[in-house]
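Visitor: Sharing a model that was predicted from the sequence below.
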Amino acid sequence: MIEIDERDPLWKRILYFIDYQDMIISILALAVWLGLSTIEPNYLYIPENDGDSNYPMKKSQIPFLLLSFIVFGGFNLIFIGLYFLARRYPKYFCRFDLFPVAWGLVFAISMSNIFVNVPKSYVGRARPDIYARCGVKNLTECPQKILKEEHKSWPSGHSSTAMSATIYMAAFFIKFLYAKPYAIIFSALFALFGIYVGATRIVDFRHHPDDVLAGLFIGFIAAYIVWENLSTKIFIESNQKDETLPLPQTITQ
């Protein structure tokens, strides 16, 4: 937590308040992720009449735009609500700094997608529904934009995005809630949502099962690394439960 000196100029206090250092790093990571997503992939060879590429075309249950709204918008709205809740009831919730936890979420998601997009473009594995979208006989006649996306199957970006965000949230709730049974329940629900998002990619025939597993693994590792390095900065360590609850009285005979 950065101590803000009231004698500093207003602009400097604002920069410290919004945690500008983490903001810059998170925005840079986000920019790198978006840049890597535009790279044309390697077009990995597809065997003739490949059974792994012959699945039907379906509509995505959770489009990436919707997922982005959930993890960036929805989860940060949760942080805002919990921030004021912790200030009102410090007996039950550990107080935290709002901007570091928000930028940490952006950074975790961005890093997971950086780790995904590099091998995704290098490998260029075809999606399960490539025949349904591009045809079986002559894939070269498929529109370039569609063909490019159809060769970005491994690892799953949906899975890594969902898992990095939900594991980050799960780790947050473990520290945020003093009542650990409730913390575990909330954390498990977030983690299950991440797994569910990955499962939809298999059901929608947009990814192979091992694509999803790889994405979930990368998302978990990215969230774990980011959280381990930011958690002490996020929470106000002086706000401990034993400081807010009365100590037991010693009984003397």
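Guide: Arrived safely, thanks for sending.

Visitor: CA only for contacts and neighbour counts going forward, please
Guide: OK.

Visitor: tell me which element the residue nearest to Leu36 when sequence neighbours are not counted falls in.
Guide: Using CA to CA, 6 or more residues apart in numbering and skipping the chain neighbours, the partner closest in space to Leu36 is Asn117 (6.1 Å). Here Asn117 sits within helix 98-123, counting by DSSP states H and E.

Visitor: List the buried residues for the helix or strand just after that helix?
Guide: The helix or strand immediately downstream of helix 98-123 is helix 130-134, counting by DSSP H and E. For helix 130-134, burial by neighbour count (16 or more other CA atoms under 10 Å) applies to Ile130, Tyr131, Arg133, Cys134.

Visitor: now stretch 20-36
Guide: Quick answer for stretch 20-36 (16+ other CA under 10 Å): Tyr20, Asp22, Met23, Ser26, Ala29, Leu30, Trp33, Leu36.

Visitor: correct me, but the second one touches Gly104?
Guide: It refers to Asp22. Yes. Asp22 is within contact range of Gly104, at 7.5 Å (criterion: CA atoms under 8 Å).

Visitor: Next, give phi and psi for Leu177.
Guide: Main-chain torsions, Leu177, degrees, to the nearest 10: phi -90, psi 130.

Visitor: and it, what does it touch?
Guide: Applying CA atoms under 8 Å, 6 or more residues apart in numbering, we find Leu177 in contact with Tyr92, Phe93, Cys94, Ala183.

Visitor: From Ser112, how far off is Ala199?
Guide: To Ser112, Ala199 is 18 Å away according to CA to CA, to the nearest Å.

Visitor: Name the residue in these two with the higher neighbour count.
Guide: The residue with more neighbours, out of Ala199 and Ser112, is Ser112; 29 against 17, by other CA atoms under 10 Å.
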